[in-house]
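**Q** Any chance you can model this:
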Amino acid sequence: MFSDKYAETFKSFVDEILKPVTIPTVKPVDHSILLDELAILKEKYLSGTPSDEHKFAGAVITAAMAVIIGI
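**A** Next up is the predicted model:
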């Protein structure tokens with residue numbers, strides 16, 4: 001009785017260790033709409049009155065676009 005329980009536990013342990021690893025496939029995400037919207041915002045800030053706030057907002061939007069493109 002003890003050996004049967006031990007054998008069953010050992011078998012399930014070995015099966016758990018040796019089962020193949022499955023990695024789910026990642027679907028590509030289309031960021032084109034978001035990039036288009038950010039490009040519109042960037043043009044709005046950079047073509048408006050030149051102020052430090054507008055330049056900073058344009059730089060932040062440009063950085064955000066670079067990060068999204070890099071993903």
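
**Q** Who are the packing partners of the helix ranked longest in the chain?
**A** As assigned by DSSP state H, the longest helix anywhere in the chain is helix 52-70. Applying 3 or more Cβ pairs under 8 Å, 6 or more residues apart in numbering; DSSP states H and E, one finds that helix 52-70 makes contact with helix 32-47. Backbone N, C-alpha and C define where each C-beta goes, glycine included.

**Q** Go through the helix it packs on and flag the buried ones.
**A** L38, L41, K42, Y45 (16 or more other Cβ atoms under 10 Å).

**Q** Serialize these to JSON lines and add fields for distance to M65 and pLDDT.
**A** Below are the buried residues of helix 32-47 laid out as JSON lines (distance: Cβ to Cβ, whole Å; pLDDT from 0 to 100):
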{"residue": "L38", "distance to M65": "5", "pLDDT": "90"}
{"residue": "L41", "distance to M65": "10", "pLDDT": "87"}
{"residue": "K42", "distance to M65": "7", "pLDDT": "87"}
{"residue": "Y45", "distance to M65": "13", "pLDDT": "81"}
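
**Q** Dump the residues you listed to a markdown table, plus distance to I71.
**A** Formatted as a markdown table, the buried residues of helix 32-47 follow (distance: Cβ to Cβ, whole Å):
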| residue | distance to I71 |
| --- | --- |
| L38 | 13 |
| L41 | 19 |
| K42 | 18 |
| Y45 | 23 |
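
**Q** I23: which of the residues you listed is nearest?
**A** Lowest distance from I23 to the buried residues of helix 32-47 (Cβ to Cβ) belongs to L38, with 31.3 Å.

**Q** So the closest one sits against V67, correct?
**A** No: using Cβ atoms under 8 Å, L38 makes no contact with V67, being 10.4 Å away.

**Q** got the angle for the longest helix of the chain vs helix 32-47?
**A** 160 degrees (axes from the mean of the first three to the mean of the last three Cα atoms, to 10 degrees).
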